[in-house]
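K.L.:
Next one to model:
(one chain, ligands or ions: 1)
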Amino acid sequence: MIESLVEKQRNFFLSGKTKDVKFRKIYLKKLRKAIIDYEDDVCTALYNDFKKPKFEAMASETQFALSELNHAIENIEEWSGPKRVSSTWVNFPSADYIYSQPYGNTLIIAPWNYPFLLIMSPLIGALAAGNTAVVKPSELTPNTSQVIENIIKTVFDEEYVCAVQGGVDISQKLLSNKWDYIFFTGSTKVGKIVYKSAAEHLTPVTLELGGKNPCIVDESALVQIAAKRIAWGKFLNAGQTCIAPDYILVHKNVKEKLVNALKKSITGFFGENIESSTDFARITTQAHYENLKSMLRDEEILFGGDFNDDTLFLSPTLVNEPTLNSKIMEGEIFGPLLPIISYETEKDISRLISNYDKPLALYVFSKKKKFQEKIIDQYSFGGGTINDTVIQITNSQLPFGGIGSSGVGHYQGKHSFDIFSHKKAIIKKGYWPELPLRYAPYNIPLQFVKKLKYLFR
Ligand code: NAD
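P.N.:
Presented below is the predicted three-dimensional model:
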């Protein structure tokens with residue numbers, strides 16, 4: 001079934017229909033209409049999958065996807081046309097261009113934490129750039145995956161875009177085919193498997209992976225506001241956000257103040273009885289829930305630590321000074337547990353951050369510009385925010401992606417169009433003048449050849 005689907009999409013791409021920008025725009029608009037029509041179904045499915053609050057479902061999934069769609073629809077003509085670049089003297093006269101051409105048949109694999117957005121957002125880029133797509137949503141959010149399939153069936157013939165549901169087996173079957181581009185969002189572990197499969201066919205990839213994101217709070221930070229913004233970024237989606245702050249590094253002189261402010265913020269957001277709040281999501285899978293719970297064993301809990309095995313509820317939890325070899329500090333937490341570690345000197349910060357692979361995000365709360373710049377310069381990470389968390393994803397002008405083990409490549413807005421397009425270099429020349437200088441026999445004095453370096457630009 002998968003082979004024949006791939007074959008159908010290959011033939012459809014070869015038919016040239018997706019090369020037509022008008023065709024692409026029509027389908028982006030159809031997709032927009034379908035997302036608007038199905039918005040309530042998406043929100044209900046997300047609620048049924050992990051009690052995602054409707055506000056979060058709309059703000060971080062459907063409306064986010066619609067904003068990406070609007071941006072693509074408005075700009076597709078401009079993005080798709082050839083871009084003229086300056087010519088060089090050595091080719092004078094010539095007209096030089098970069099043509100954006102679709103790769104062809106693309107595969108998009110998504111995780112469960114933002115199960116709708118992380119299918120739609122890359123799909124919009126793939127279609128705007130003129131590709132076909134097979135999307136594989138996560139098997140761990142079955143309700144949302146079903147709505148995704150319904151939307152795609154409503155809008156597209158399967159030879160253009162198709163949703164294939166399934167778990168690891170299906171994912172691997174899909175990966176064993178030859179694709180022209182693979183876009184994967186998920187864990188670093190599976191990212192490596194995807195990278196290996198892609199290497200078989202030298203298929204280009206974007207890998208959007210995870211990491212352990214530090215959040216630094218220095219002595220000069222406005223602690224009350226910092227606490228609110230950290231608590232928001234961390235407990236959104238119950239901490240199951242790839243760019244959520246993973247742990248806090250706080251200057252020892254403001255630690256107590258920060259902890260108190262965090263407690264106040266959490267209670268302010270979700271009330272005294274957090275389990276009854278409709279604004280706080282649940283952990284998506286049993287296995288993930290058990291893993292998170294086990295991270296709390298032997299830790300000193302400053303706040304929270306409540307759970308319900310029947311509903312996979314795990315409350316926002318502040319963990320005091322875990323050691324580096326504790327389970328909670330081993331890898332990405334990906335849940336509502338927030339370790340708080342104090343530091344005294346910048347060396348302490350460096351020692352801790354350097355203990356981990358390059359993170360997807362890093363946050364700094366400080367009023368000191370020099371300190372902010374130093375951190376931006378000193379550490380390698382995907383992207384971040386000064387004096388806030390998570391919001392670097394909300395500007396589609398900014399590239400979104402990781403570095404090293406947190407990912408390969410970046411997307412959003414025009415960046416999505418660009419990653420799904422091959423950039424073809426074209427120089428257009430006429431027949432005049434026809435200078436004999438470059439042809440053998442080479443009679444030009446070598447002194448002249450030495451000047452060529454000024455003519456290749
Ligand atoms: P995952 O890697 O387990 O699964 C992602 C997808 O890969 C799923 O569709 C799954 O079916 C498939 N898959 C799983 N195992 C596979 C295998 N062995 N071979 C082939 N395919 C396989 O990730 P997850 O648990 O669903 O999501 C959580 C991870 O995703 C976290 O690490 C998080 O940081 C990361 N993430 C990253 C971003 C980002 O934009 N960088 C966004 C969201 C989530």
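K.L.:
CA atoms for contacts and neighbours, from now on please.
P.N.:
OK.
K.L.:
in the stretch 201-350 of the chain, which spans are helices?
P.N.:
Using DSSP state H, counting those that start in this stretch, the helices of the stretch 201-350 of the chain run over residues 223-235, 255-270, 286-295, 346-353.
K.L.:
Ranking the ones you listed by mean neighbour count, which comes first?
P.N.:
Highest mean neighbour count of those: helix 223-235, a mean of 22 (counted as mean count of other C-alpha atoms under 10 Å).
K.L.:
mean confidence score for that helix?
P.N.:
Averaged over helix 223-235, pLDDT sits at 98.
K.L.:
Then stretch 89-102?
P.N.:
Mean pLDDT, computed over stretch 89-102, is 95.
K.L.:
What residues sit buried inside it?
P.N.:
The neighbour-count check on stretch 89-102 (16 or more other C-alpha atoms under 10 Å) flags 95, 96, 97, 98, 99, 100, 101, 102 as buried.
K.L.:
what's it in contact with?
P.N.:
With C-alpha atoms under 8 Å, 6 or more residues apart in numbering as the test, stretch 89-102 has contacts from 19, 80-88, 129-131, 418, 420-430, 452, 455-457.
K.L.:
swap in stretch 190-201?
P.N.:
175, 176, 178, 179, 182, 184, 185, 204, 205, 207, 208, 209.
K.L.:
contacting residues for the second one?
P.N.:
The reference is to residue 176. Contacts of residue 176 by C-alpha under 8 Å, 6+ apart are residue 197.
K.L.:
Next, give phi and psi for it.
P.N.:
phi -80, psi -10 (degrees, to the nearest 10).
K.L.:
do the same with the fourth one
P.N.:
For residue 179, the backbone dihedrals are phi -120, psi 160 (criterion: degrees, to the nearest 10).
K.L.:
Now render the helices of the stretch 201-350 of the chain as TSV, adding distance to the ligand.
P.N.:
Shown next, in TSV, are those (distance: least, C-alpha to the nearest ligand atom, whole Å):
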stretch	distance to the ligand
helix 223-235	13
helix 255-270	23
helix 286-295	8
helix 346-353	17
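K.L.:
In JSON lines, list those along with distance to residue 75.
P.N.:
Converted to JSON lines, these look like this (distance: least, C-alpha to C-alpha, whole Å):
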{"stretch": "helix 223-235", "distance to residue 75": "30"}
{"stretch": "helix 255-270", "distance to residue 75": "38"}
{"stretch": "helix 286-295", "distance to residue 75": "40"}
{"stretch": "helix 346-353", "distance to residue 75": "39"}
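K.L.:
So which of these is nearest residue 56?
P.N.:
Closest to residue 56 of those, according to C-alpha to C-alpha: helix 223-235, at 11.2 Å.
K.L.:
For the stretch 1-150 of the chain, what lies in contact range of the ligand?
P.N.:
109, 110, 111, 112, 113, 137, 138, 139 (C-alpha under 6 Å from any ligand atom).
K.L.:
rewinding a little: of all pairs in the buried residues of stretch 89-102, which one is the farthest apart?
P.N.:
Farthest apart among the buried residues of stretch 89-102 by C-alpha to C-alpha are 95 and 102. That separation is 22.3 Å.
K.L.:
from the contacts of stretch 190-201, which are also near the ligand?
P.N.:
Okay, of the contacts of stretch 190-201 touching the ligand (C-alpha under 6 Å from any ligand atom), that's 185, 208, 209.
K.L.:
if we can go back for a sec, which pair in the residues of the stretch 1-150 of the chain next to the ligand spans the largest distance?
P.N.:
The largest separation in those, counting by C-alpha to C-alpha, is between 109 and 113 at 12.7 Å.
K.L.:
helix or strand right after the one helix or strand residue 73 maps to?
P.N.:
Under the criterion of DSSP states H and E, residue 73 resides in helix 63-80. The C-terminal neighbour of helix 63-80 among helices and strands, as given by DSSP H and E, is strand 83-85.
K.L.:
helices or strands up against that following strand?
P.N.:
Using 3 or more C-alpha pairs under 8 Å, 6 or more residues apart in numbering; DSSP states H and E, the elements in contact with strand 83-85 are strand 94-102.
K.L.:
gap between the following helix or strand past the strand it packs on and the chain center?
P.N.:
Next along the chain after strand 94-102, taking DSSP H and E as the criterion, comes strand 105-109. Remark: strand 105-109 is offset 15 Å from the chain centroid, using C-alpha atoms, centre = their mean, to the nearest Å.
K.L.:
same question, stretch 396-414
P.N.:
6 Å.
K.L.:
Next: stretch 202-220.
P.N.:
In terms of C-alpha atoms, centre = their mean, the centre of stretch 202-220 is found 9 Å from the chain centre.
K.L.:
next one: stretch 21-35
P.N.:
23 Å.
K.L.:
mind listing what's buried in that stretch?
P.N.:
Buried, per 16+ other C-alpha under 10 Å, within stretch 21-35: 21, 24, 25, 27, 28, 29, 31, 32, 34, 35.
K.L.:
shaky segments in the protein?
P.N.:
Scanning the chain for pLDDT under 70 picks out no residues.
K.L.:
Just give me the longest helix of it.
P.N.:
For the chain, the helix with the greatest residue count under DSSP state H is helix 21-50.
K.L.:
burial measure for the nearest residue to residue 315 once chain neighbours are set aside, as a count.
P.N.:
Once flanking residues are discounted, residue 315 sits nearest to residue 306: 5.3 Å by C-alpha to C-alpha, 6 or more residues apart in numbering. Neighbour count of residue 306, defined by other C-alpha atoms under 10 Å: 13.
K.L.:
Residue 306 contacts residue 314, correct?
P.N.:
Yes: in this structure residue 306 lies within contact range of residue 314 using C-alpha atoms under 8 Å: 5.9 Å.
K.L.:
hang on, the earlier thing: and the contacts of stretch 89-102, which are buried?
P.N.:
Using 16+ other C-alpha under 10 Å, the buried ones in the contacts of stretch 89-102 are 19, 80, 82, 87, 129, 130, 131, 418, 420, 421, 422, 423.
K.L.:
okay, among those, which ones form the most distant pair?
P.N.:
Within the buried ones among the contacts of stretch 89-102, two members stand farthest from each other by C-alpha to C-alpha: 87 and 131, at 29.9 Å.
K.L.:
Which of the contacts of stretch 89-102 fall within strands?
P.N.:
Mapping the contacts of stretch 89-102 onto strands (DSSP state E) picks out 83, 84, 85, 421, 422, 423, 424, 425, 426, 427, 428, 429.
K.L.:
For the stretch 351-457 of the chain, which residues are neighbours of the ligand?
P.N.:
By C-alpha under 6 Å from any ligand atom, the part of the stretch 351-457 of the chain that sits against the ligand consists of residue 401.
K.L.:
where exactly do the helices run in the stretch 351-457 of the chain?
P.N.:
Going by DSSP H, counting those that start in this stretch, the stretch 351-457 of the chain shows helices at 369-378, 413-419, 446-449.
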